[in-house]
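Chemist: pasting a predicted model and its sequence here:
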Amino acid sequence: MLRIDPIIVQVRRVRRLRPRRLVPLAASRRLRRYYAAARRQWRRSLQFRVVGITLLLSAILVSAFGYTVASLISQGVLRTQVDTSKERILRGAREAAKKLEGYTQADDPGLPGQVRVVATDLSRSMDVPDSEVIILRRNSLAEASPDTSAAAVMRQAPMRKLRESVVGDRPGTYQQIETLDVGQGPTRYLVMGTPIVTGGEPLELYYLLPLKAENELVEFVALVVTVTGIALVALLALIAATMTRLVVKPVRVAARTAQRLSAGLLDQRMQVKGEDDLARLAAAFNQMAANLQRQIVRLEEMSRLQRRFTSDVSHELRTPLTTVRMAADLLFASRDDFDPAAARSAELLQAELDRFEDLLTDLLEISRFDAGFAALDAEPTDLVPIVRRVAERLESLAERCGVPLRVDAPEDGAIAEVDPRRVERVLRNLLGNAIEHGEGKPVVVTLAIDEAAAAVTVRDHGVGLKTGEEKLVFNRFWRADPSRARQTGGTGLGLSISLEDARLHGGWLEAWGAPGKGAQFRLTLPVRSGDRLVSSPLRLVPDDARADEAALIGETP
């Protein structure tokens, strides 16, 4: 039991502290969630932005206007009270001076009593409730007013500046607004002070006038201005939301209609109401949609006819090509019995028939891709023999072009679920292009594999690609330099078919190139058929090119 008790106490403490720690976290997460939702709404909703900006600007303007109005009213009320109080204290000072004019000696024993009488009379003549009248003897610490607390307040630090002004080099009537406690709790007072001119000891007369009515009036005005401002801002926001909705609603309808059009629903149209600008916008949108529908239908029909024509022509040419191939093979086999000119013609005939047959094969494959009839026969395959077999078959072409060929592949194999026929065709096209454009420099084929993907790169050091051509190389019949002499006599469809083969596997076929630095093509395929690719085990940009770029900018590659 002695060993278990501390553990129980510790668990109880954790349970007791956990809500205190989680409450700020939950509130912070909730605030972040609200902020993210508001930010997302701000980005996506035009109406939300317009209403928000209107609300902010109107709140600023109404606040400034309300502050100005409240300040002017407060200053006006206070100025009226100051003017009235100034007349009242000057009148009181004159009355006090008349009643005290007979006392010419500062030590006159009757002076303090008479001062109290005068202060009491002036206080009774005041028509302001809870006001105070104070008469102070300038050269004496003894108070002269009947109210001890009020007289003591006048000797405190907040009133020092006012007394110095009243008894200073420029005596006169001065005022100060201060919150004082003269026995009824802290109250805001208007304190007026002026000297009493007598033949004896100088005296100071002070009126403490409460500003309760003025404060209540100012607070009421501030409340009215605040409520009116809030109502006005809310009304402006409602008006902005309503007006914006009238404009945004047709735009939203147009956006939804455009989305349906882009999804293939070409018969979608906007409803036209009235004859205003929005109605004209809807009519123009409908006209545009109708024109687009006609053009798309026309292009689809042309594309269908083109695909059908290509497919039909390719199939129809197969029969005469077979007959011509049989005759050409017979002539090519008997070329040794011909004279040199006829033998050369037989060889040329055989080569051109090979090119023609390759073109027909490519056209048929393209027509299958266009028609959506291409199928993937994926099976677990070792990619290393495929890469080496393609390199061996093109070795004679590499020797004829003077291009050294090197294959870098793992020794333990690279198994992936692929269609070996299509992968071999892709590698044959990539390697053939690299040899053809290698300019007599080495071509390197690299194979690598990880848990998710297998990749093959084909690197040449020829003329390379210009900026933007890494996308154009996969277009049909596109060539970087049509005037350049070609060794293989390609059809211009090889890379297009290779790209379709890679997509059929769910893979990538990418190109990199730089003028004078050669080019590199990368084929990336998923190890398991149907998986989604995230990364490739090989880089698209070669290491030597990355090192050159890093050297140019002075960084470490």
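Modeler: Yep, that arrived.
Chemist: which secondary structure elements does the helix or strand harbouring residue 243 contact?
Modeler: Residue 243 belongs to helix 212-262 when elements are defined using DSSP states H and E. Contact partners of helix 212-262 among helices and strands, from 3 or more C-beta pairs under 8 Å, 6 or more residues apart in numbering; DSSP states H and E: helix 46-99, strand 186-196, helix 277-333. The C-beta positions use only the backbone N, C-alpha and C, and glycine is treated the same way.
Chemist: elements contacting the last one?
Modeler: What that stands for is helix 277-333. The helices and strands touching helix 277-333, judged by 3+ C-beta pairs under 8 Å, 6+ apart, are helix 212-262, helix 340-371.
Chemist: now those as TSV including mean pLDDT?
Modeler: Formatted as TSV, the helices and strands packed on helix 277-333 follow (pLDDT from 0 to 100):
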stretch	mean pLDDT
helix 212-262	81
helix 340-371	78
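Chemist: take the ones you listed and write them to TSV, including mean neighbour count.
Modeler: TSV is the format used below for the helices and strands packed on helix 277-333 (neighbours: other C-beta atoms under 10 Å):
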stretch	mean neighbour count
helix 212-262	14
helix 340-371	15
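Chemist: need those helices in TSV (columns: distance to residue 301).
Modeler: Putting those into TSV (distance: least, C-beta to C-beta, whole Å) gives the following:
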stretch	distance to residue 301
helix 212-262	18
helix 340-371	14
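Chemist: for the ones you listed, which one sits closest to residue 411?
Modeler: helix 340-371 (33.6 Å; C-beta to C-beta).
Chemist: tell me the angle that closest one makes with helix 277-333.
Modeler: Our comparison of helix 340-371 with helix 277-333, counting by axes from the mean of the first three to the mean of the last three C-alpha atoms, to 10 degrees, yields an angle of 150 degrees.
Chemist: could you list every helix and strand that helix 340-371 packs against?
Modeler: Contacts of helix 340-371 with other secondary structure elements, assessed using 3+ C-beta pairs under 8 Å, 6+ apart, are made with helix 277-333, helix 494-504.
Chemist: can you list the strands that the helix or strand just after that helix pairs with?
Modeler: Counting by DSSP H and E, the element after helix 340-371 in chain order, helix or strand, is strand 379-382. For strand 379-382, the pairing partners within the sheet under DSSP bridges are strand 415-418 (antiparallel).
Chemist: quick one on the thing from earlier: just how off-centre is the helix holding residue 243 within its chain?
Modeler: Computed by C-alpha atoms, centre = their mean, to the nearest Å, the separation of helix 212-262 from the middle of its chain amounts to 26 Å.
Chemist: with stretch 207-226 instead?
Modeler: Here stretch 207-226 is found 48 Å from its chain centre; the criterion is C-alpha atoms, centre = their mean.
Chemist: and what of stretch 430-446?
Modeler: Stretch 430-446 has its average C-alpha position 44 Å from the chain's average C-alpha position, going by C-alpha atoms, centre = their mean.
Chemist: doesn't residue 513 fall inside a helix?
Modeler: No. When DSSP: H, G, I helix; E, B strand; the rest coil is applied, residue 513 is found to be strand, with no helix at that position.
Chemist: picking up where we left off before, compare the helices and strands packed on helix 277-333 and give me the one nearest residue 511.
Modeler: helix 340-371 (19.1 Å).
Chemist: one step back: and the helices and strands packed on helix 340-371, which one's lowest on average pLDDT?
Modeler: Averaging pLDDT over each of those singles out helix 277-333 as the lowest, with a mean of 78.
Chemist: now do that one and helix 212-262, the angle between them.
Modeler: Computed by the same axes, to 10 degrees, the angle separating helix 277-333 from helix 212-262 equals 30 degrees.
Chemist: starting at the chain centroid, how far to helix 277-333?
Modeler: From the chain centre to the centre of helix 277-333 is a distance of 43 Å (C-alpha atoms, centre = their mean).
Chemist: likewise for stretch 259-276?
Modeler: Its chain's C-alpha centre and that of stretch 259-276 lie 30 Å apart, by C-alpha atoms, centre = their mean.
Chemist: tell me which of the helices and strands packed on helix 212-262 is the most buried.
Modeler: Most buried of those by mean neighbour count (mean count of other C-beta atoms under 10 Å) is strand 186-196; its value is a mean of 20.
Chemist: for stretch 503-512, C-alpha coordinates in CSV please.
Modeler: Listed in CSV are the C-alpha atoms of stretch 503-512, where the atom choice follows Å, rounded to 0.1, in the frame of the first residue of the first chain:
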residue,chain,number,x,y,z
ARG,A,503,0.4,7.4,-68.6
LEU,A,504,-1.3,4.0,-69.2
HIS,A,505,1.0,2.6,-66.5
GLY,A,506,0.1,5.5,-64.2
GLY,A,507,3.7,6.7,-64.5
TRP,A,508,5.6,9.8,-65.6
LEU,A,509,7.7,10.6,-68.7
GLU,A,510,9.6,13.8,-68.3
ALA,A,511,12.4,15.6,-70.1
TRP,A,512,15.1,18.0,-69.2
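Chemist: which parts of that stretch count as buried, going by neighbours?
Modeler: Of the residues in stretch 503-512, 505-512 count as buried by neighbour count, 16 or more other C-beta atoms under 10 Å.
Chemist: list the buried ones in the helix or strand where residue 391 lies?
Modeler: Under DSSP H and E, the secondary-structure element containing residue 391 is helix 383-393. Of the residues in helix 383-393, those buried under the neighbour-count criterion (16+ other C-beta under 10 Å) are 383-384, 386-387, 390-391.
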